[in-house]
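**Q** How does the following fold in three dimensions:
(chains A, B, C and D, ligands or ions: 6)
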Amino acid sequence: MKTPLLLTAAPVIEHEQLKPDVYRLVLAAPSIARQALPGQFIQVRVNNLAEPLLPRPFSLARISADQGTITLLYRIVGRGTRLLAGVPTGQTVQLWGPLGQGWALPAAGGILSRQRAGWPYPPDRAVMPVYVAGGMGIAPLLPLAVEWYRQGQPGLLLYGVRSGDQLALLGQWEELGVKVRIATEDGSVGIRGTVIDLLAATCLTGRHPVIYACGPWPLLKAIHQIARGNYWPCQVSLEERMACGVGACLGCVCRGKIPQVDPIAEPVPWRHVRVCREGPVFWSDEVVWDG
Amino acid sequence: MKTPLLLTAAPVIEHEQLKPDVYRLVLAAPSIARQALPGQFIQVRVNNLAEPLLPRPFSLARISADQGTITLLYRIVGRGTRLLAGVPTGQTVQLWGPLGQGWALPAAGGILSRQRAGWPYPPDRAVMPVYVAGGMGIAPLLPLAVEWYRQGQPGLLLYGVRSGDQLALLGQWEELGVKVRIATEDGSVGIRGTVIDLLAATCLTGRHPVIYACGPWPLLKAIHQIARGNYWPCQVSLEERMACGVGACLGCVCRGKIPQVDPIAEPVPWRHVRVCREGPVFWSDEVVWDG
Amino acid sequence: MVDLQVNLGGLVLKNPVTTASGTFGFGEEYAAFVDLNRLGAVTVKGLTLEPREGNPAPRVAETPAGMLNAIGLQNPGIYRFIREYLPSLVTDGVPVIVNINGYSVEEYGLLAAICEATAGVAALEVNISCPNVRQGGMQFGLSPQSAAAVTQEVRRHTRKPVIVKLSPNVTDITEIARAVTAAGADAVSLINTLLGMAIDVGSRRPVLANVFGGLSGPAVKPVALRMVYQVYQAVKVPILGMGGIYTAGDAVEFMMAGATAVAVGTANFANPRATLDILEGMAGFCLQEGITGISELTGAAH
Amino acid sequence: MVDLQVNLGGLVLKNPVTTASGTFGFGEEYAAFVDLNRLGAVTVKGLTLEPREGNPAPRVAETPAGMLNAIGLQNPGIYRFIREYLPSLVTDGVPVIVNINGYSVEEYGLLAAICEATAGVAALEVNISCPNVRQGGMQFGLSPQSAAAVTQEVRRHTRKPVIVKLSPNVTDITEIARAVTAAGADAVSLINTLLGMAIDVGSRRPVLANVFGGLSGPAVKPVALRMVYQVYQAVKVPILGMGGIYTAGDAVEFMMAGATAVAVGTANFANPRATLDILEGMAGFCLQEGITGISELTGAAH
Ligand SMILES: Cc1cc2nc3c(=O)[nH]c(=O)nc-3n(C[C@H](O)[C@H](O)[C@H](O)COP(=O)(O)OP(=O)(O)OC[C@H]3O[C@@H](n4cnc5c(N)ncnc54)[C@H](O)[C@@H]3O)c2cc1C
Ligand SMILES: Cc1cc2nc3c(=O)[nH]c(=O)nc-3n(C[C@H](O)[C@H](O)[C@H](O)COP(=O)(O)OP(=O)(O)OC[C@H]3O[C@@H](n4cnc5c(N)ncnc54)[C@H](O)[C@@H]3O)c2cc1C
Ligand SMILES: Cc1cc2nc3c(=O)[nH]c(=O)nc-3n(C[C@H](O)[C@H](O)[C@H](O)COP(=O)(O)O)c2cc1C
Ligand SMILES: Cc1cc2nc3c(=O)[nH]c(=O)nc-3n(C[C@H](O)[C@H](O)[C@H](O)COP(=O)(O)O)c2cc1C
Ligand code: FES
Ligand code: FES
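**A** Numbers count the residues shown, from 1 in each chain, chains lettered A, B, ... in the order given. Ligands and ions are numbered 1, 2, ... in the order given. Next up is the predicted model:
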C-alpha cells in the first residue's frame, strides 16, 4: 500500500437534498481528508445489518484537509443510496479509504497521483484541463479542478445532464474560474444534446488539452474516440460493480492494455485489471472499449 | 375472522426510554385501538428491508380507543427491538392486528373475550383479579386491569423483577387502585425472591381469585402449579417464536388440552395449538406443561 | 390493459400470483388482508391422509433475510380439510391447489384419488420435497426413480393437473424434473426449502427442536432462480416458481427465468398483503414496459 | 486467558480464524486494516497452474444478505504467486494456506507437488467446488469418485496438510466428505458457494456475464451450518467451517456445529476488519462462558 487506508466511523456534518434524488453529504474524516487525492473514492456502509450487505463506493466530491471533511455527491439509485439518504446529521457511517488511483496531474509543481503511466506532455508545458462530466460523473471532477486551480489553470467544464433542473453546485466551478458549457437532453439549458456533442464542437487546437472524463461507459467510450481522433490525452474514471473495493475480490474488472509486468509470460492483448485498485481512473487508451 | 384484522402504517406519537433497555412506544392506530381487547397483540415491522425479515410480536400495554392510540412496552433483546428503539417520533411503523385471544373476563357487565372456555364462577359472583407478572410480562396485564377497574374490582398485582431499578410505570397501577406487591431477585425492593414466592405467600382464601399470569415459561408453569394446588382458576399468556402471527404458518404451537373438536377422530391427550391464534392467553390447565 | 391470464399445465389462472403451501394456512388466515378471489390460486398447507401434530416447538427461527421452519406437516388430515376448510375457500371463488404428502407411494395415490373425487380441488401439488418429516417427504424428491414413482402413482389416480414440487437439496435438479415430467407431471413447482439449521450459542443447542429445518425467504432467491432457469431449459412443462419472492421485481425475475406462475411464501409473514402488492407491481411493470400479455415474460431472460 | 490454539489436521493455528479463499486476495489488500500475523492463517485466492483472466464483468451482484460472484478463478498462476506474493506473506509470519484448482486430476497433482516444494506453503486447500469455471472446478466435487480421485492424487504429491474444500451443491455432502477422507484428506473445508443467479428485469438479462454465480454471505449460513453439523457426524477429520460468518456469534455456531477452525469470507467486504472483530468476539465469548480452551467449543451442539 502506498497510501495508508483508513477505516473509520465518520459523523455526518451536513446532509443536504440538492434535487429530488441528489444529495450532498459532508462527513468528518480528517485522516482520509489528509490523504485523499482527486479521483479517489471511499466505501460506505450505513449500518452493520446483513442487508444491504455490501458497501457502496462513492467518489470524493470535495476533499477539505483543513476542515477534516470529505464531501459526497450522490444520486438515489436503489436501496443502498436510499438508506444513506435517511442518515441524519450527527449519526455516523462506516467508511474506508481513500481507495484506488486518482487522476493524473503533472508531477512538476503538483502531484502525479498515478504511478503507472507517465504524463503525456513535457513537465513544464502549460496544458489545459478539460473536464467532461455526464450526470453524476461531475462528482470526482471538482477536487481535480481545485488542484488545477492551485496550479493556475482553471480549464473548461463540459457538463451534460438530462434537463436543466438537474444542474447543481455550478457555483463552485465558477468560483474556480472554470469555464462551464452545458448540454441538456431536453435543451432546457445550454445546447440540446449530450456532452459528446459539446466535446465534438469544442475547438482545442493549440491548447495542449488533457481530457478528464467521468460518466456512463458509452459516454466514456465516445469521448475516448473523439480524444483519440484528435490526439488529445484522455483520462476516464470508470464504474464497475464492486464488492471489496480494495482489490481483494477481483469483482470489479475491466479489460486493460496494461504494460507487460511479467517478463516470462507470453505477451497478451489485455489483462483483467481491477477498477477499484488499478483504477477507477485510467488513461482512456489503456482500456479495451469493445466487447 | 371474528374481529377484523387491520394492517396499517402507524405513526409514532411518543417514544420514551424508561430504563436503559426498556422503552415505551405510543402509536396512532385508531381502528386497532377501537377493536383490541386486553391480552391481544400486534405484529410490528420497522421497515421493508429483507433483514430483519419477520415481524415482531408485542402485547398491547395500553389501549386508548378515545385517543386512537395503542402503547407498547418492550425490552431490547436483539436486532429487531434494537431497530425499533431507533424509530423517531413522527416516523411510521407497519403493524397488523389485533391478534390472538385476549384474557377472559366475566361476560356479565363486561366482556368475555375468549370463546373457547367458559368463566369458572357464576356470572354474578364478585371475584378478585390477581395479576402475576415476571419482568416484561407486565405489558399485557395493564389493559386488563383497566377493564377490571371499570368493573369495580381493582385487584392485586404481584410483580417480580431482577432488581428494583427495573421497575417502571407502577404509578399507572396505583392509579387504578391495584394493590402492588414486589419481588426482586436482589432484594432491593419488596421481598427477595421471585413472583412465585410472592404468590405462594399470598392468602386468597375466600376471595374467589382469578390468576392472570404473564412471564417466562418456567414461571408460568410454577404459577400454574400453585394455582392448581389451590383450586384457583388461572390464565396465562404464552410466548413462542412466531413467523406470521395470524395462524397461517403453524410456527408457534404449544401442546393444548383443548376440547375435542372432531367427533369422528380418536380422542387425543393433546393437540398442537397455535399460540398466535388459540392463544396467547390460555387457561393454565389447557396447557401441557411438561415435555 | 394487461392480460394477466396464464396456463399452468391445464390449470388456467386469472393471474400468475399464487400462495406457497404452508405459508398461507387454508386461506382464511389472510382473508382479512387479501381478497382471496383476486389471487391466481391458493395452495393450501400440506395435507396427509391422517391428521398430524407435526414437530415440537420451537419450529421457526429467523435467519439473515430468511427463516428456518420445521413444522413437520401438522395438518388436520385430508378428510377434515375437505369437510371443514375447502367449502369456504371454494365459496371465495379462488382455485384451490391441494398440496399432498404421502408416507408411501401408495398413500400418494390414495390422496390423489381423494382429490380427483373432490369437486373443489382445482389441481394437485405433489410435495416430494418436505425436509421436515423423518419418513417419506423429502426422500422421494432426492432421486429421479422415487420422484417418478410417486408422480406415476398420482397420475394414475387423477386427471386433474398434477404439479410436482421439487426439492432444491439435490446435485442436479434437472434430472429430477425430467424424471417427473416423463412420469406424467403437468407442471413442476420449485423450490421447496433448503435444508439448514441454527444454533443457540447460549444453550449450545440447535434452535429448532427438530435440529434441521427448511430455509426460505429472500436469502434463497438466487438459488431458486437458478434452478427455475435450469429446469426451464430441461423440460417442456410449465413451472410454478417460488423461493424468496418478496417484491414484484422478484416475481418478474422468476417469470423471466422461466416460470409460468409464481408462489409467494415467506413474504406473507413479513407483509400480509404481499400477494396483492406483488400482483399489482407485476401488472404495473407490464404496463410500463408495454407488455400486453404477462405470459410474454416467461423465459424472457434465456 | 483463553487458549485459542487449534489443530487443523496437522496444521497448528494460533487461533481458529482464517480467511476464505478468494475473499482476501493475497493478504496484502487487507494489510492496512488487519495485522495479518494475528490471524490463524491466510488462505489465498484460488490458484491454477497457468495464469488466468477469469470471466468477463459484471462478476458480482448483491443479493438479500448475500452476494453472487463469478470471478472464474482469475489469478496470476502458481509460479508468479510463489515469486511475487508469497514472500511478503511469509514475512508477515502468518501461516499461508494455498487454494489449488486443477483442470484435470493430474494438474491437481502437479500443483500439490509445487506446494510441497515451496517452503512458505503451510497447507493446501484443494478446491473441488468452484462453481464458476466451465471445465474442471465444481465437477470434481459433485461425485464421491472424482472427489476421491483428486484427493488421492494430491495426497500422493505432498505430506503437508491437505484440506479438501467441498461443494454444497450436492444431495449428500457426507458422502463426499467420507470419500475424500478415505482418500487421505487431513481435513475438509466447507462450504464453497451455492450456485445461484440474478436477473436484471430492465434488460431481461442475467446480471452476471457468466449467467450463474456462487452465492455467499449471511444468507447461506443456515445451509453451511447444517452441512458442518452433518459432516462432523460423518467423518473423523477436522472441519474448517465457513459460509456466511459475519459475527463472532456466527463463528461460535460453526464451532459448536463441529468446526475446528473457521474462515471469514464475504464479511471482509462488508467490514475490512471482520476477521479481527470476530476473533476478539470469540475470545470474549470464551471468557464470558468460562471456557479455557477454544477447541472445547468444537462439536458442543451435538
Ligand atoms: C468508483 C465509484 C465511484 C462512484 N462515485 C459515485 C458518486 O460520487 N456519486 C454517485 O451518485 N454514485 C457514485 N457511484 C455509483 C454508486 O456506487 C452507485 O450508485 C451505488 O452503489 C448504488 O447503490 P444502490 O444500493 O442505491 O443501488 P442498487 O442498484 O440497489 O445496488 C445494487 C448493487 O449494485 C451496485 N451498483 C449499482 N449501481 C452501480 C454503479 N453505477 N456503479 C457501481 N456499482 C453499482 C451497488 O453498489 C450494489 O452492490 C460510484 C461508483 C463507483 C464504482
Ligand atoms: C404474543 C407475544 C407478545 C409479546 N409481547 C411483548 C411485549 O409486550 N414486550 C416485550 O418486550 N416483548 C414482548 N414479546 C417478546 C418479543 O416479541 C421479543 O422480545 C422480540 O420478538 C425480540 O426480537 P429481537 O429481534 O429483538 O430479538 P432476536 O432474539 O434477535 O429475535 C430473533 C427471533 O426470535 C424471536 N424472539 C426472540 N425472543 C422472543 C420471545 N421472547 N418471544 C417470541 N419470539 C421471540 C424474534 O421475534 C425473532 O423472530 C412478546 C412475544 C409474543 C410471542
Ligand atoms: C412455515 C412454512 C411451512 C411450509 N410448509 C410446506 C408444506 O406443507 N408443503 C410444501 O410443499 N411446502 C411447504 N413450505 C415450503 C413453501 O411452500 C415454499 O416452497 C418455500 O418456503 C420457498 O418459498 P418462499 O421463500 O417464498 O417461502 C413451507 C414453508 C414455510 C416457510
Ligand atoms: C468473490 C469470491 C471469490 C471466491 N473465490 C474462491 C476461490 O478462488 N477458491 C475457493 O475455494 N473459494 C472461493 N470462494 C468461496 C469462499 O472461499 C467461501 O467458500 C464462500 O464464499 C463462503 O463463505 P462466505 O459466505 O464467508 O463468503 C470465493 C468467494 C467469493 C465471494
Ligand atoms: S471490488 Fe474487489 S477487487 Fe475491486
Ligand atoms: S405464528 Fe404463524 S401460526 Fe402462529
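
**Q** Going by proximity to ligand 4, name the top residue of the stretch 1-150 of chain C.
**A** Residue nearest to ligand 4 within the stretch 1-150 of chain C: C:Pro64 (10.5 Å; Cβ to the nearest ligand atom). To be clear about C-beta, it is placed using only N, CA and C from the backbone, and glycine gets the same treatment.

**Q** residue contacts, that residue?
**A** The neighbours of C:Pro64, taking Cβ atoms under 8 Å, 6 or more residues apart in numbering or on different chains as the test, are A:Ala50, A:Glu51, B:Glu51, C:Ala219, D:Ala65, D:Gly66, D:Gly217, D:Pro218, D:Ala219, D:Lys221, D:Gly244, D:Tyr246.

**Q** The fifth one and ligand 1, how far apart?
**A** Distance from D:Ala65 to ligand 1, counting by Cβ to the nearest ligand atom, to the nearest Å: 13 Å.

**Q** dump the residue contacts of that residue.
**A** For D:Ala65, the contact set (Cβ under 8 Å, 6+ apart) comprises A:50-51, A:53, B:50-51, C:64-66, C:218-219, D:217-219.

**Q** one more time with 6 Å
**A** For D:Ala65, the contacting residues are A:Ala50, A:Glu51, A:Leu53, B:Glu51, C:Pro64, C:Ala65, C:Ala219, D:Pro218, D:Ala219, by Cβ atoms under 6 Å, 6 or more residues apart in numbering or on different chains.

**Q** that's a strand at A:Gln94, yeah?
**A** Yes. The assignment for A:Gln94 by DSSP: H, G, I helix; E, B strand; the rest coil puts it in a strand.

**Q** and it, how many neighbours?
**A** 19 (other Cβ atoms under 10 Å in any protein chain shown).

**Q** Kindly state the pLDDT recorded for it?
**A** For A:Gln94, the model assigns a pLDDT of 97.

**Q** Check the one 5 residues further on too.
**A** Per-residue confidence at A:Leu99 stands at 96 (pLDDT).

**Q** Would you agree it is in contact with A:Cys244?
**A** No. The pair A:Leu99 and A:Cys244 does not pass the contact test of Cβ atoms under 6 Å, sitting 9.6 Å apart.

**Q** Low-confidence stretches in the chain?
**A** Picked chain A for this. The model of chain A has pLDDT under 70 over residues A:1-3, A:107-117, A:258-266, A:291.

**Q** To clarify, I was referring to chain C.
**A** Ranges of chain C meeting pLDDT under 70: C:130-138.

**Q** just the helices in it please.
**A** Secondary structure of chain C (DSSP state H): helices located at C:77-80, C:86-92, C:105-116, C:144-157, C:173-182, C:221-234, C:248-257, C:267-270, C:274-289.

**Q** So which of these is nearest ligand 6?
**A** Of all the helices of chain C, it is helix C:267-270 that lies closest to ligand 6, at 7.2 Å by Cβ to the nearest ligand atom.

**Q** now the strands for the stretch 51-200 of chain A?
**A** Along the stretch 51-200 of chain A, counting by DSSP state E, counting those that start in this stretch, strands occupy A:56-59, A:62-64, A:69-75, A:92-99, A:128-134, A:156-161, A:179-184, A:191-192.

**Q** In TSV: the helices of chain C, plus distance to ligand 4.
**A** TSV is the format used below for the helices of chain C (distance: least, Cβ to the nearest ligand atom, whole Å):
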stretch	distance to ligand 4
helix C:77-80	41
helix C:86-92	42
helix C:105-116	37
helix C:144-157	29
helix C:173-182	21
helix C:221-234	13
helix C:248-257	21
helix C:267-270	23
helix C:274-289	27
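
**Q** Tell me the spacing between A:Arg62 and ligand 4.
**A** For A:Arg62, the distance to ligand 4 equals 32 Å [Cβ to the nearest ligand atom].

**Q** give me the number of residues near whichever residue of the stretch 151-291 of chain A sits closest to ligand 4?
**A** Ligand 4 sits closest to A:Cys249 of the stretch 151-291 of chain A, with a gap of 4.1 Å, by Cβ to the nearest ligand atom. A:Cys249 has 27 neighbours, counted by other Cβ under 10 Å.

**Q** quick revisit: got a quick ChimeraX command for the buried subset of the contacts of C:Pro64?
**A** To isolate the buried ones among these in ChimeraX, judged by 16 or more other Cβ atoms under 10 Å in any protein chain shown, type:
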select /A:50,51 /B:51 /C:219 /D:65,66,217,218,219,221,244,246
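
**Q** Now tabulate the contacts of C:Pro64 in TSV and tack on distance to B:Ser64.
**A** Converted to TSV, the contacts of C:Pro64 look like this (distance: Cβ to Cβ, whole Å):
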residue	distance to B:Ser64
A:Ala50	37
A:Glu51	35
B:Glu51	33
C:Ala219	39
D:Ala65	38
D:Gly66	43
D:Gly217	44
D:Pro218	40
D:Ala219	41
D:Lys221	42
D:Gly244	44
D:Tyr246	41
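
**Q** right, and the helix or strand after the lengthiest helix in chain A?
**A** Using DSSP H, we find that the single longest helix of chain A is helix A:217-229. The helix or strand immediately downstream of helix A:217-229 is strand A:234-237, counting by DSSP states H and E.

**Q** Next, the angle from the longest helix of chain A to strand A:156-161.
**A** 150 degrees (axes from the mean of the first three to the mean of the last three Cα atoms, to 10 degrees).

**Q** Against D:Thr266, how distant is A:His282?
**A** Just so we're on the same page, residue A:282 is Phe rather than His. Note on A:Phe282: its distance to D:Thr266, by Cβ to Cβ, to the nearest Å, is 27 Å.
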